[in-house]
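Asks: Build the 3D model from these lines:
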Amino acid sequence: MTTFQVHVTIENKPGISDPEGETILNDLVLKGTHKTVSKIKTAKMLKFTIQENDKKTAQSKVQEICDDLRIYNPMVSIVTIDVFEG
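Replies: Next up is the predicted model:
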């Protein structure tokens, strides 16, 4: 078995409001700093360490865990799963 690091990133779909990102952007605007920044989107990341036979199995297992635990709402969220050896 190999140890994999699996990063699950959960962010809002386009068109879904992101109050936290908007608050951070508004703070930059009020401070008058970083005027080149026009949009900020927030996301949540979960980091798993899992032992599986291969990357595909590790990704599938983590997807299954996220689905079983209802970690995200598929109606409003986009989920990206990245798998790294190590």
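
Asks: Phi first, then psi, for L25.
Replies: As for L25, its main-chain torsions (degrees, to the nearest 10) stand at phi -60, psi -40.

Asks: what sits against it?
Replies: By CB atoms under 8 Å, 6 or more residues apart in numbering, L25 lies in contact with V37, S38, K39, I40. Where you see a C-beta, it was placed from the backbone N, CA and C, and this is true even at glycine.

Asks: Compare those residues and tell me which has the most neighbours.
Replies: With neighbours taken as other CB atoms under 10 Å, the top of those is I40, carrying 16 neighbours.

Asks: pretty sure that one contacts D27?
Replies: No: the criterion here is CB atoms under 8 Å, and I40 misses it with D27 at 9.7 Å.

Asks: does I16 sit in a helix, a strand or a coil?
Replies: For I16, the reduced secondary structure class is coil; criterion used: DSSP: H, G, I helix; E, B strand; the rest coil.

Asks: Residue ranges in the chain under the pLDDT threshold?
Replies: Within the chain, no stretch falls below the threshold (pLDDT under 70).

Asks: What distance do you get for the residue located most distally from the centre of it to N26?
Replies: In the chain, G32 marks the outermost C-alpha relative to the chain mean, sitting 28.8 Å out by CA atoms, centre = their mean. Per CB to CB, to the nearest Å, G32 is found 12 Å from N26.

Asks: what does K44 give?
Replies: Here the distance between K44 and N26 works out to 21 Å (CB to CB).

Asks: Which parts of this structure are helices?
Replies: 19-31, 55-68 (DSSP state H).

Asks: So which of these is nearest Q5?
Replies: Comparison of those against Q5 by CB to CB identifies helix 55-68 as nearest, at 9.0 Å.

Asks: Compute the first-to-last residue distance for stretch 30-45.
Replies: 28 Å (CA to CA, to the nearest Å).

Asks: Contacts for that stretch, please.
Replies: Where contact means CB under 8 Å, 6+ apart, the residues beyond stretch 30-45 that reach it are 7-12, 18, 20-22, 24-25, 28.

Asks: what about burial for the residues you listed, which qualify?
Replies: Among the contacts of stretch 30-45, those scoring as buried are V8, I10, E11, N12, D18, G21, L25 (criterion: 16 or more other CB atoms under 10 Å).
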